[in-house]
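[1] Have a look at this prediction, sequence included:
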Amino acid sequence: MIAYGEKIREIAKKLLAEERVDLIIGFKQGTLPLMTEPVMIKEPEKTDQLYWSSFCSMNLANYLPKRKEKIGIIAKGCDSRNIAVHIVENQIQREQLYIIGVPCTGMVDRRKIQSLVDGKEVREAIESDEELTIKGNGFEQTVKKIDYLQDNCITCMHRNPVIHDELVGDLVEERKDPDPYDDVKEIEELAPNEKWELYSNLIKDCTRCYACRNACPLCYCPTCFVDEADPQWVGKSIDPTDTMTFHILRAFHCAGRCTDCGACQQACPVDINVRLFTRKLNKDALELYGCEAGLSIEERPPLDTYQPDDYDKFIR
């Protein structure tokens with residue numbers, strides 16, 4: 001994937017020079033190794049800032065809702081699915097977008113790399129197609145990228161963009177493992193009190209900073225339920241009940257819409273795997289309605305429609 005950068009810059013420069021878009025939403029290199037930053041570029045001569053690596057994990061679809069310009073956007077498989085959700089939910093129009101599709105073999109989890117070097121300061125990261133070399137004061141280590149992917153990338157079943165106007169490279173082979181929900185099935189086998197204990201321990205370090213909400217491309221409500229004051233749906237403290245209420249309600253707001261892009265988990269400053277809430281709902285949406293979010297701009301989320309043959313065992 002490291003060769004994508006040059007192609008992305010070439011496409012972006014041409015789109016801006018020909019005035020086919022008003023801006024490009026992409027990535028630029030971060031100020032620290034293992035980091036990238038989102039960037040919006042409006043001038044062709046500034047497209048040299050655009051960058052691509054295995055650390056471009058942020059979901060850029062987060063910057064699309066309610067924009068009025070013509071936009072070129074870089075989109076991995078999960079990003080493109082969120083773009084499709086935004087189109088279906090009328091947050092952006094398809095004709096506003098020029099989607100630069102990026103076939104993705106997975107993003108490297110910077111926290112796993114930092115854990116590997118035991119907290120030592122990483123000064124440089126050199127990437128090849130298959131490997132990553134980490135350098136710092138007194139150490140240098142080369143690892144296989146596939147061994148340090150983000151958790152959501154390990155189970156991703158849609159690595160190629162589902163909608164695009166142009167691709168920066170050849171399509172990659174999709175994952176063939178038949179069941180990406182092995183971890184969810186293990187939790188389903190637990191007794192109710194064991195499930196509650198698991199999820200209570202999962203969020204015990206949550207500070208209610210809302211980084212997960214802010215990073216999620218699905219959280220675009222003008223006023224979030226946690227910010228409502230009249231009526232106040234949930235308390236403002238880090239009381240365990242208020243914290244659990246926030247996570248459960250946020251997960252249900254994403255039911256049938258979540259693409260498991262991992263943005264919530266990557267944004268969490270205390271490394272809470274909040275995906276364990278949404279993945280169960282993804283599995284239910286697939287099993288009950290045959291629906292995976294963002295695979296089509298013609299299909300609405302399952303909880304947004306009604307069909308006479310909908311699953312209805314729960315009301316019989």
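    On my side now, so go ahead.
[2] before we move on, what SS does Lys66 have?
    Under DSSP: H, G, I helix; E, B strand; the rest coil, Lys66 falls in the coil class.
[3] residues touching it, list them.
    Gln91, Ile92, Tyr220 (CB atoms under 8 Å, 6 or more residues apart in numbering). Backbone N, C-alpha and C define where each C-beta goes, glycine included.
[4] List the beta-bridge partners for Ile99.
    Judged by DSSP bridges, the bridge partners of Ile99 are Ile73.
[5] what about it, distance to Thr36?
    Going from Ile99 to Thr36 by CB to CB, to the nearest Å gives 19 Å.
[6] Tell me which residues touch Gly30, please.
    Thr36, Glu37, Phe55.
[7] one more time with 7 Å, if that's ok
    Residues in contact with Gly30 (CB atoms under 7 Å, 6 or more residues apart in numbering) are Thr36, Glu37.
[8] what sits against Leu167?
    For Leu167, the contacting residues are Gly101, Pro103, by CB under 7 Å, 6+ apart.
[9] Could I get the pLDDT score of it?
    What the model reports as pLDDT for Leu167 is 97.
[10] same deal with the one 5 residues further on?
    Looking at Val172, its pLDDT is 94.
[11] Surely it touches Pro103?
    Yes - checked against CB atoms under 7 Å, the pair Val172 and Pro103 is within contact range at 4.4 Å.
[12] Between the two, which is the more surrounded one?
    In this view Val172 and Pro103 are compared by other CB atoms under 10 Å, and Pro103 has more residues nearby, 20 against 15.
[13] Is there a neighbour count for Gly294? I'd like the number.
    Using other CB under 10 Å, Gly294 is surrounded by 28 other residues.
[14] pretty sure it is in a helix, no?
    No - Gly294 sits outside any helix when classified using three-state DSSP, being coil.
[15] tell me the SS of the closest residue to it other than its chain neighbours?
    Distance criterion CB to CB, 6 or more residues apart in numbering; nearest residue to Gly294, sequence neighbours excluded, is Arg81 at 2.8 Å. At Arg81 the chain is in helix, as set by three-state DSSP.
[16] Now for the residue nearest the centre of the chain: which residues touch it?
    In the chain, the residue lying closest to the centroid (CA atoms, centre = their mean) is Cys261, at 2.7 Å. By CB under 7 Å, 6+ apart, the contact set of Cys261 is Asn59, Cys78, Asp79, Asn82, Asn152.
[17] Just the buried residues of those.
    Buried by 16 or more other CB atoms under 10 Å: Asn59, Cys78, Asp79, Asn82, Asn152, out of these.
[18] so what's the third one up against?
    To tie it back to what came earlier, the one meant is Asp79. Going by CB under 7 Å, 6+ apart, Asp79 touches Asn59, Leu60, Ala61, Cys261.
[19] go again using 10 Å as the cut-off
    56, 58-62, 64, 73, 99, 101-102, 104, 161-162, 217, 259, 261, 263, 294 (CB atoms under 10 Å, 6 or more residues apart in numbering).
[20] Next: the fourth one.
    Shown in contact with Asn82 (CB under 10 Å, 6+ apart): 59-62, 64, 75-76, 91, 216-218, 257-259, 261, 263, 293-294.
[21] Quick check: pLDDT value at it.
    If you check Asn82, the pLDDT there is 96.
[22] So which of the contacts of Asp79 belong to helices?
    Using DSSP state H, Ala263 are the members of those that sit in helices.
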